[in-house]
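Participant: quick one: sequence and predicted model below, then my questions.
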Amino acid sequence: MSLAPPAQGVVAVLTAAGSGRRLGAGGPKALVRVGGLSLLRRAAQGLVDSGVVDHVVVTAPAAELDRFRVEVDAVAAEAVEVVAGSPVSRQASVRLGLEAALDRMPGAEVVLVHDAARALTPPEVTRRVVAAVRAGHGAVVPALAVADTVKEVAPGLVAAQPGPAYLSAVPDRPGCLESGGEEPPGPWAEAVVGTPERARLRAVQTPQGFSAGVLVSAHRAGAAREVDEALAASDDAGLVEAQGGRVVVVAGHEQAFKITTPLDLALAEAVLRDEDSRTRPPSSGEQ
Ligand SMILES: Nc1ccn([C@@H]2O[C@H](COP(=O)(O)OP(=O)(O)OP(=O)(O)O)[C@@H](O)[C@H]2O)c(=O)n1
Ligand SMILES: C[C@](O)(CO)[C@H](O)COP(=O)(O)O
């Protein structure tokens with residue numbers, strides 16, 4: 001028997017249509033396994049385990065719908081559906097997922113947008129975001145304080161200052177630098193134009209939560225940007241801000257990090273090994 005999701009409630013768009021170029025796994029990143037399970041399966045299971053999500057729509061690469069369906073069937077076949085995302089931009093994939101989600105649950109109160117790439121996000125983060133939307137915030141983002149000092153740079157490369165510096169401009173090659181001293185720091189440099197006050201910065205994660213009307217309106221207003229990843233919003237809250245809407249942050253979680261590079265994947269494996277060793281009962285002979 002297939003249970004229909006409730007008319008109102010919480011629907012999640014789980015973005016998984018990216019190619020994973022920076023991970024370089026030779027196939028869709030969402031199907032890469034960590035601790036024996038795919039990123040997609042872990043992310044979908046995390047949403048379902050929160051106990052506050054009624055339905056999940058996964059955006060998949062159009063050529064991979066069947067493989068992605070098999071993967072999420074293991075989570076909860078009725079609760080998760082798979083639709084084609086867009087190869088063009090994450091923003092376009094979210095918009096396609098949002099349309100499918102609201103077809104399925106036209107009266108949804110809360111829409112979440114989550115990255116399959118944040119596969120280890122604990123369910124408590126999802127509960128926190130949904131509670132904040134239900135408390136009346138139209139756009140809610142989980143976030144952490146940043147550990148690094150962040151610089152803003154101007155686009156383009158710069159030549160070194162004349163004088164004793166060890167880099168200098170290469171004649172007739174604008175933007176190229178060459179070593180003029182003992183220790184060249186590298187072949188390029190960018191000009192710093194500012195240092196935002198670190199205490200006011202937050203690194204934002206997913207799931208991001210919205211009242212349905214706020215997210216639909218933000219995607220409509222920003223629709224022209226989705227045709228090019230370079231113009232597109234890098235997160236959905238950014239579309240709300242661009243419209244003048246109010247976005248709030250709530251506490252994120254260090255395990256909600258985005259698996260982008262091979263180093264992130266190694267970190268995820270280590271986190272799961274550590275969890276496993278804490279929860280596994282000691283075998284006979286172990287102290
Ligand atoms: N056109 C796109 C691009 C990205 N995503 C999804 O958005 C999330 C965040 O994107 P990212 O981590 O950058 O994944 P990729 O785009 O796959 O990575 P890369 O940029 O290295 O190719 C991922 O879950 C990804 O599958 C998507 O659904 N559609
Ligand atoms: C949405 C996001 O995860 C928030 O930090 C992030 O902006 C996605 O960026 P990506 O380059 O598409 O991975």
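Facilitator: Looks like it arrived, so ask away. Ligands and ions are numbered 1, 2, ... in the order given.
Participant: okay, R33: pLDDT?
Facilitator: What the model reports for R33 is a pLDDT of 98.
Participant: same question but for L265, I mixed them up
Facilitator: pLDDT, read off for L265, is 98.
Participant: helix/strand/coil for it?
Facilitator: Here L265 takes the helix state, with states given by DSSP: H, G, I helix; E, B strand; the rest coil.
Participant: wait, it touches I259, no?
Facilitator: Yes: under the criterion of Cβ atoms under 8 Å, L265 makes contact with I259 at 5.6 Å. For every residue, glycine as well, the C-beta is placed using N, CA and C.
Participant: okay, these two: which has more neighbours?
Facilitator: I259 (27 against 19; other Cβ atoms under 10 Å).
Participant: ok so the more buried one is a helix residue?
Facilitator: No: checked against three-state DSSP, I259 lies outside a helix; its state is coil.
Participant: mind listing what the residue of the stretch 1-150 of the chain at minimum distance from ligand 2 touches?
Facilitator: Closest residue of the stretch 1-150 of the chain to ligand 2, Cβ to the nearest ligand atom: R90 (4.4 Å). Counting by Cβ atoms under 8 Å, 6 or more residues apart in numbering, R90 touches 15, 18, 229, 232, 234.
Participant: out of these, who's the most crowded?
Facilitator: T15 (26 neighbours).
Participant: state the distance from that residue to A237.
Facilitator: 14 Å (Cβ to Cβ, to the nearest Å).
Participant: equivalent analysis for D274, please.
Facilitator: Taken as Cβ to Cβ, the span from D274 to A237 is 31 Å.
Participant: which of the two has more residues huddled nearby?
Facilitator: Between D274 and A237, counted using other Cβ under 10 Å, the more crowded position is A237 (26 against 10).
Participant: any idea how far ligand 2 is from that one?
Facilitator: 8 Å (Cβ to the nearest ligand atom, to the nearest Å).
Participant: tell me what the helix or strand where that residue lies is packed against?
Facilitator: Using DSSP states H and E, A237 sits in helix 236-242. The contact analysis (3 or more Cβ pairs under 8 Å, 6 or more residues apart in numbering; DSSP states H and E) places helix 236-242 against helix 90-104, strand 139-145, strand 208-211, helix 212-221.
Participant: of the ones you listed, which stretch is the most buried?
Facilitator: strand 208-211 (a mean of 27; mean count of other Cβ atoms under 10 Å).
Participant: what sits against the closest residue to M105 other than its chain neighbours?
Facilitator: Excluding the flanking residues, the one nearest M105 by Cβ to Cβ, 6 or more residues apart in numbering is V11, at 4.7 Å. Residues near V11 by Cβ under 8 Å, 6+ apart: 5, 53-57, 101-102, 104-105, 108, 110-112.
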